[in-house]
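K.L.:
can't give you the sequence, but here's the structure:
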Ligand code: DGY
């Protein structure tokens with residue numbers, strides 16, 4: 001009998017799809033992860049698991065799961081999975097590319113405009129009852145219109161982000177491990193070195209995954225190279241940014257503001273200095289969080305599990321890294 005572990009509460013119709021071919025054990029909490037001990041214990045007789053970013057797939061997990069055939073990660077990023085280890089045991093890991101691209105790019109634009117136009121500060125200003133009259137520079141921000149935007153990471157999300165920028169008459173630059181001629185032609189994006197991106201952008205948007213190449217890429221030296229009125233947005237992964245360096249850059253005026261959907265430690269520690277800075281807007285990793293997209297991500301995980309347990313190729317396997 002196949003057995004699937006689902007580490008978060010997902011809607012019943014998806015559970016029923018899994019129950020059509022497997023016994024299903026669900027951690028019925030939406031906002032708290034399955035405790036690690038429980039996860040390890042449940043894996044003993046599992047042949048599949050449906051996980052989120054909260055579950056780290058490492059040696060201990062693999063040792064606890066002798067019958068595991070497939071790990072379906074409800075995310076496109078998979079830095080929570082030791083992929084070489086998983087592959088060395090013949091286990092298939094899958095992710096959720098494409099279905100979340102547009103939704104995540106929309107969050108990127110939302111965050112960028114919110115920071116640029118100081119929306120969070122403005123809303124809090126009204127809530128505090130400080131709105132006395134119209135003022136010439138009251139909560140004046142920065143235009144995206146005509147700005148130079150640097151995109152770090154030109155994968156599907158970076159391209160979808162660049163496409164949205166076309167309506168703002170921006171100049172788009174990008175830096176990526178691989179150069180994409182299609183992006184350059186279709187999106188009018190100019191390929192530049194990392195330093196050129198840092199030195200010339202009014203807005204820098206990181207959409208990059210976490211890899212050994214991108215870890216700590218935005219460090220003290222990088223922030224120093226940015227314009228003093230630059231706005232930094234991160235919708236990729238938290239550990240691409242040295243957060244101490246970011247705090248220092250904001251405090252010392254090396255850059256003007258930031259908007260982060262992802263952090264090194266999630267959830268953020270409530271004593272984190274970024275939380276007390278009015279020029280830092282932090283949201284809780286909601287890039288792909290629209291109802292339609294979350295349903296599509298769940299369906300893709302369910303489909304991948306069904307396919308692998310039926311000895312078929314999954315739709316979206318994570319390739320060797
Ligand atoms: C992803 O898919 O990698 C996102 O960060 C989670 O929504």
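P.N.:
Received the coordinates, thanks. All values derive from a computational prediction rather than experimental measurement.

K.L.:
Which strands or helices does the helix or strand bottoming out on mean pLDDT in the chain pack on?
P.N.:
For the chain, counting by mean pLDDT, DSSP states H and E, helix 181-187 ranks last in confidence among helices and strands (a mean of 90). Counting contacts by 3 or more C-beta pairs under 8 Å, 6 or more residues apart in numbering; DSSP states H and E, helix 181-187 is packed against helix 156-165, strand 189-191. (C-beta placed from N, C-alpha, C; glycine too.)

K.L.:
So residue 53 sits against residue 77, correct?
P.N.:
Yes. Under the criterion of C-beta atoms under 8 Å, residue 53 makes contact with residue 77 at 7.2 Å.

K.L.:
Distance of residue 251 relative to residue 171?
P.N.:
Distance, residue 251 to residue 171, using C-beta to C-beta, to the nearest Å: 29 Å.

K.L.:
scratch that, residue 38
P.N.:
With C-beta to C-beta as the criterion, residue 38 and residue 171 are 51 Å apart.

K.L.:
The residue of the stretch 201-321 of the chain found nearest the ligand: neighbour count?
P.N.:
Closest contact between the stretch 201-321 of the chain and the ligand, by C-beta to the nearest ligand atom, is at residue 288 (3.6 Å). Residue 288 has 24 neighbours, counted by other C-beta atoms under 10 Å.

K.L.:
which bits of the stretch 151-300 of the chain sit near the ligand?
P.N.:
Within reach of the ligand by C-beta under 6 Å from any ligand atom, the stretch 151-300 of the chain has these residues: 287, 288.

K.L.:
Quick one: the helices in the stretch 151-300 of the chain, in order.
P.N.:
With DSSP state H, counting those that start in this stretch as the criterion, the stretch 151-300 of the chain has helices at 156-165, 181-187, 194-200, 220-225, 243-251, 291-309.

K.L.:
Go through the ones you listed and pick out the most buried.
P.N.:
The highest mean neighbour count among the helices of the stretch 151-300 of the chain, using mean count of other C-beta atoms under 10 Å, belongs to helix 156-165: a mean of 23.

K.L.:
Would you mind pulling the contact partners of that one?
P.N.:
76, 97-98, 101-102, 104-106, 108-109, 144, 149, 151-152, 154, 172, 174, 176, 180, 183, 187, 189, 205, 207-208, 235 (C-beta atoms under 8 Å, 6 or more residues apart in numbering).

K.L.:
can you tell me which residue is nearest the centre of the chain?
P.N.:
With distances taken as C-alpha atoms, centre = their mean, residue 236 lies nearest the centre of the chain, 4.3 Å away.

K.L.:
Now that residue: phi and psi?
P.N.:
phi -90, psi -100 (degrees, to the nearest 10).
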